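Undergrad: Based on what follows, work out the 3D shape:
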Amino acid sequence: MSETAVKTSHPKGLWVLFGTEMWERFNFYGMRAILTLFLVNSLMMKEEDASLIYGGFLGLCYLTPMLGGFISDRFFGNRNCILLGGLMMALGQFLLFFSASVFGTNISLATSLMWTALGIIIFGNGFFKPNISSMVGSLYPKQEKSKLDTAFTIFYMGINLGAFLGQLICPIVGDVKDAGGVRDIHAFKWGFLAASIAMLIGTAVFYFLKNKYVITPEGRPLGGLPKNNVNDDYEEGESQKAVFSQKALISAVLAFVVLGLSFHFAFGQNFIYSLIYASGLSLAGLIISDSSLTKVEKDRIKVIYIVAFFVIFFWAAFEQAGSSLTFIADNQCDRNFFGYNMPPSMVQIFNGLFVVAFAVPFSMLWDYLRSKDIEPISPVKQAVGLGLVALSYFIIAHNVKDLGNNGLLAIKWLILLYLIQTCAELCLSPIGLSLVGKLSPKRFSSLLYGVFFLSNASGYALAGTLGSILPATGDKFNKAKEFGIDLQAVLDKKITLTADQLAILEKNQISPNNPVFAGFEIHNLFEFFMVFVILCGLAAVILMALTPKLKKMMHGVR
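TA: Below is the predicted model:
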């Protein structure tokens with residue numbers, strides 16, 4: 001093989017991890033597409049409660065990688081954790097299948113099965129997620145780390161190819177409506193079963209191919225038991241073991257308790273969201289307290305922390321796809337797509353489709369800019385991504401401004417939103433994964449991926465909070481009108497409801513009050529979407545302003 005080929009090609013192990021992650025994302029995103037609709041239509045929950053559960057579930061899925069990364073680094077190794085996590089997630093999806101099979105005869109049992117399933121999936125994802133990302137970085141020796149942005153963009157295409165397939169197949173079999181628009185609430189189970197089968201396929205792909213392809217250039221297996229690892233990829237003089245003092249460990253535990261109580265009681269966050277926020281901050285503090293860290297290592301870790309903070313706002317906006325945007329697609333959207341009336345949960349499919357289409361062009365773009373020595377540093381790419389998310393919500397905000405209570409949003413505007421957000425995602429998410437691989441001290445590799453995923457967890461928790469402030473959409477006004485109630489007049493405080501009327505609204509999951517966020521009342525969809533414009537727009541401007549300082553702190557890493 002020529003020297004040029006060695007420098008430009010990617011190891012075959014990348015494609016094994018690509019395939020494994022593709023099937024896992026089929027499982028995860030397929031389930032995600034129909035989860036909130038299942039909670040609302042089958043388990044009879046309110047939309048705001050379903051949004052909070054959705055946000056909490058996703059948040060915990062990205063909190064447990066902290067635990068999975070720690071167990072992998074110290075005990076089981078990447079390989080075993082990936083296999084364990086895959087089997088747990090397949091089991092969790094199978095329990096969701098049973099939950100969706102029995103709700104009609106025993107809703108209490110169905111609800112218990114749902115909580116059990118989500119818990120198993122949460123811990124399974126915790127074992128799987130940080131370890132497969134860490135293994136992508138481990139495929140490349142230190143002299144080839146410059147290829148990680150391209151490698152993670154390719155890997156990210158696998159993620160979204162799986163997401164596309166999951167969001168296509170699970171809604172087709174699981175979110176079924178007849179010609180009159182009546183949903184078959186017993187069909188959700190088939191979507192969950194498809195997700196379970198996909199996860200089993202992904203686990204089998206990794207199990208049978210790992211020994212042949214997931215190896216070092218010298219042929220040694222990657223991701224085995226920590227005690228068997230050969231540590232020849234460490235920088236000269238780099239410590240190979242973390243050193244946490246007893247004082248640092250006690251301080252981290254105390255910080256976790258104090259922060260958790262503060263978020264819960266002072267800021268009104270629920271138990272799960274408080275756990276997520278407190279875990280991220282206390283673990284970040286513990287890692288930076290390691291006495292073996294050099295100044296360069298500390299600076300680079302601080303860059304990871306700063307970037308991770310801004311990533312929170314991206315995911316808070318992006319993850320509306322599975323909650324508020326799905327409810328809007330279900331209740332106030334004309335979903336006619338070239339003559340096909342798409343299931344509401346399938347509208348998310350465009351994100352995965354666009355990533356598959358644009359991942360390679362973006363990868364080629366970064367390679368081209370790098371060859372010309374004009375490639376922007378990772379934080380600049382991520383600031384651009386945040387700005388694009390703000391733009392996507394600004395466009396859709398102005399297209400819902402004049403809809404009123406009964407107008408339908410054309411599906412083309414949701415497609416445009418997903419197109420712009422896909423470009424944002426390719427500027428931000430795979431670049432963030434690559435940045436962690438470049439900046440992390442080797443001894444903290446999996447654990448710092450866990451910390452980075454905690455920013456995702458915090459973003460998802462915030463997404464749940466923001467999704468819960470979705471104001472009433474068209475179906476709510478129409479449903480209230482069927483019972484002789486002018487919902488707009490109720491929300492405007494122009495009429496007072498009787499006890500019977502309040503009971504009717506409660507039974508039909510309709511709130512008599514506008515939602516409130518940060519002290520501001522959200523009256524309509526325009527104001528709802530402008531919340532995301534402001535949050536992501538400010539985050540983009542501030543991160544861009546910080547990039548000169550971050551560049552210095554990265555000490556030569558781009």
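
Undergrad: Report the buried residues of the helix or strand containing residue 354.
TA: Per DSSP states H and E: residue 354 is located in helix 349-371. Neighbour counts over helix 349-371 (16 or more other C-beta atoms under 10 Å) mark 349-356, 358-359, 362-363, 366-367 as buried. C-beta coordinates here come from the backbone N, C-alpha and C atoms, glycine included.

Undergrad: Check stretch 185-197 too.
TA: For stretch 185-197, by 16+ other C-beta under 10 Å, it's 185, 187, 188, 189, 190, 191, 192, 193, 194, 195, 196, 197.

Undergrad: ok, and the closest non-adjacent residue to residue 491?
TA: In this structure, residue 491 finds its nearest non-sequential neighbour in residue 514, 5.4 Å apart by C-beta to C-beta, 6 or more residues apart in numbering.

Undergrad: Which pLDDT value does the model give that neighbour?
TA: With respect to pLDDT, residue 514 scores 92.

Undergrad: show me where pLDDT drops low in the stretch 351-500 of the chain?
TA: For the stretch 351-500 of the chain, the stretches with pLDDT under 70 are 446.

Undergrad: how does it look with 80?
TA: Along the stretch 351-500 of the chain, the model assigns pLDDT under 80 to residues 359, 363, 405-406, 430, 433, 442-447, 449-451, 453.

Undergrad: Could I get the full set of strands for it?
TA: Under the criterion DSSP state E, counting those that start in this stretch, the stretch 351-500 of the chain contains strands at 409-410.

Undergrad: got it, and the stretch 151-300 of the chain?
TA: Counting by DSSP E, counting those that start in this stretch, the strands of the stretch 151-300 of the chain are 176-177, 183-184.

Undergrad: coming back round to it: so can I have JSON lines of the buried residues of stretch 185-197 showing distance to residue 58 and pLDDT?
TA: Conversion of these to JSON lines gives the following (distance: C-beta to C-beta, whole Å; pLDDT from 0 to 100):
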{"residue": "185", "distance to residue 58": "23", "pLDDT": "92"}
{"residue": "187", "distance to residue 58": "23", "pLDDT": "94"}
{"residue": "188", "distance to residue 58": "18", "pLDDT": "96"}
{"residue": "189", "distance to residue 58": "22", "pLDDT": "96"}
{"residue": "190", "distance to residue 58": "23", "pLDDT": "97"}
{"residue": "191", "distance to residue 58": "17", "pLDDT": "96"}
{"residue": "192", "distance to residue 58": "17", "pLDDT": "97"}
{"residue": "193", "distance to residue 58": "21", "pLDDT": "97"}
{"residue": "194", "distance to residue 58": "20", "pLDDT": "97"}
{"residue": "195", "distance to residue 58": "15", "pLDDT": "96"}
{"residue": "196", "distance to residue 58": "19", "pLDDT": "97"}
{"residue": "197", "distance to residue 58": "22", "pLDDT": "97"}
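
Undergrad: for the strands of the stretch 151-300 of the chain, which one ends up most surrounded?
TA: strand 176-177 (a mean of 16; mean count of other C-beta atoms under 10 Å).

Undergrad: Take the strands of the stretch 151-300 of the chain and write them to a markdown table, including distance to residue 536 and mean pLDDT.
TA: Output for those, formatted as a markdown table (distance: least, C-beta to C-beta, whole Å; pLDDT from 0 to 100):
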| stretch | distance to residue 536 | mean pLDDT |
| --- | --- | --- |
| strand 176-177 | 33 | 87 |
| strand 183-184 | 33 | 90 |
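
Undergrad: sec struct for the residue nearest to residue 491, please.
TA: Put simply, residue 514 is coil when judged by DSSP: H, G, I helix; E, B strand; the rest coil.

Undergrad: how many neighbours does it have?
TA: Residues lying near residue 514 (other C-beta atoms under 10 Å) number 18.

Undergrad: Tell me who's in contact with it.
TA: 471, 491, 521, 522, 523 (C-beta atoms under 8 Å, 6 or more residues apart in numbering).

Undergrad: Need the max-distance pair from the residues you listed.
TA: For the contacts of residue 514, the maximum inter-member distance is 10.6 Å, found between 491 and 522 (C-beta to C-beta).

Undergrad: Among those two, which residue is more densely surrounded?
TA: Ranked by neighbour count (other C-beta under 10 Å), residue 491 and residue 522 place residue 491 first, with 22 against 19.

Undergrad: quick one, what contacts the more buried one?
TA: By C-beta under 8 Å, 6+ apart, residue 491 lies in contact with 472, 512, 513, 514, 523.

Undergrad: Just the C-alphas of the host helix or strand of residue 325, formatted as PDB.
TA: According to DSSP H and E, residue 325 maps onto helix 324-331. The C-alpha trace of helix 324-331 is given here as PDB (Å, rounded to 0.1, in the frame of the first residue of the first chain):
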ATOM      1  CA  SER A 324     -43.300  19.200  20.500                       C
ATOM      2  CA  LEU A 325     -42.500  19.000  16.800                       C
ATOM      3  CA  THR A 326     -44.200  15.500  16.700                       C
ATOM      4  CA  PHE A 327     -47.300  16.900  18.500                       C
ATOM      5  CA  ILE A 328     -47.400  19.800  16.000                       C
ATOM      6  CA  ALA A 329     -47.000  17.300  13.100                       C
ATOM      7  CA  ASP A 330     -49.900  15.300  14.600                       C
ATOM      8  CA  ASN A 331     -52.200  18.100  15.500                       C
END
